[in-house]
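# Okay, predicted coordinates and the sequence, questions at the end:
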Amino acid sequence: MRRLRPNLPRRRQNVYAVYMTAPATADRIVRAARALFERGGAQAMSMRRIADSIGLTPMAIYRHFPNREALLQRISDDSFQEISHHWSARNEGGDVIARLLAIQQIYLDYALAHPHLFDHAFSMPRERARRFPEDFRARRSPTLNVVADVVIEAQQAGRLRAGDAWDIAMTLWAHTHGLIVLYRAGRFSYGESEFRRFYKDSLRRLLDGIAS
């Protein structure tokens, strides 16, 4: 009697399919969660609404993310990486002060284009948020790393005064962040174009104050 050999290629193909589809499902979950977050903030991002939007059950989401907080953390991490990517792309060639201004301009662009993500990433208390100075000096911030590196370059070029680059980078961040928060809170009578001009001029005044 002929013995039937197991269909090894088919079994192997099924195993590969599991590994290939799992990341795709996780990415779909993240995209759906972010879409809800962008429209209505964290309160709009329930597991059930995410599941309904992509045809899953809420329990299916927990196979990829242990809880809602983990999903929120993933969205925050992705937003930091996006800003870092844009900052790094603008930090190439040209005048070092112009590059420093361009980096801060991207921060404003992001805040106005993605207000809920901006608030969650930069304005809300979070358990895993990085703390100044130790986390930043250890280069755990993908965003402020870029700013500090440009500050150091400007100092080495004789364009900015000597001083602690991380303190200066944090000062620049606090300045621009404060202006954005005040603008979004309605504390300026300017329209967006007028505020953008004020923002840029204000940052120039700050940089002029620490120019060498």
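Perfect, I can see it now.
# what about residue 115, neighbour count?
15 (other C-beta atoms under 10 Å). All C-beta atoms are positioned from the backbone trio N, CA, C, and that covers glycine.
# For the remainder of this discussion, apply numbering that starts at 693.
Yep, numbering from 693; the last one is residue 807 now.
# need the contact list for residue 859.
Contacts were defined as C-beta atoms under 8 Å, 6 or more residues apart in numbering; by that measure residue 859 touches residue 825.
# actually residue 874, not the one I typed
Neighbouring residues of residue 874 by C-beta under 8 Å, 6+ apart: residue 880.
# Let me know the helix or strand that it is in.
helix 857-876 (DSSP states H and E).
# Pull out the buried positions in that helix.
The neighbour-count check on helix 857-876 (16 or more other C-beta atoms under 10 Å) flags 857-858, 860-862, 864-865, 867-869, 871-872, 875-876 as buried.
# do the same with stretch 762-782
Residues of stretch 762-782 classed as buried by neighbour count (16+ other C-beta under 10 Å): 763-764, 766-768, 771-772, 774-776, 778-779, 782.
# And these, which is closest to residue 839?
residue 779 (7.5 Å; C-beta to C-beta).
# measure residue 851 to residue 842 for me?
Taking C-beta to C-beta, to the nearest Å as the measure, residue 851 falls 10 Å from residue 842.
# More neighbours: the two, which one.
residue 842 (23 against 17).
# Would you agree that one is in contact with residue 795?
Yes: contact criterion C-beta atoms under 8 Å: residue 842 and residue 795 qualify, at 6.6 Å.
# can you redo the buried residues of helix 857-876 as CSV with pLDDT and distance to residue 753?
Listed next are the buried residues of helix 857-876 as CSV, based on pLDDT from 0 to 100; distance: C-beta to C-beta, whole Å:
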residue, pLDDT, distance to residue 753
857, 97, 42
858, 97, 38
860, 97, 42
861, 96, 37
862, 97, 37
864, 96, 39
865, 94, 34
867, 97, 39
868, 96, 36
869, 95, 32
871, 97, 38
872, 96, 33
875, 97, 36
876, 94, 31
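# For these, could you give me a markdown table that also reports distance to residue 758?
Shown next, in a markdown table, are these (distance: C-beta to C-beta, whole Å):
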| residue | distance to residue 758 |
| --- | --- |
| 857 | 38 |
| 858 | 34 |
| 860 | 39 |
| 861 | 34 |
| 862 | 33 |
| 864 | 36 |
| 865 | 31 |
| 867 | 38 |
| 868 | 35 |
| 869 | 31 |
| 871 | 38 |
| 872 | 33 |
| 875 | 37 |
| 876 | 33 |
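# Let me know the closest of the residues you listed to residue 882.
Looking across the buried residues of helix 857-876 and measuring by C-beta to C-beta, the closest to residue 882 is residue 875, at 7.6 Å.
# Quick one: distance of the helix holding residue 874 to the chain centre.
16 Å (C-alpha atoms, centre = their mean, to the nearest Å).
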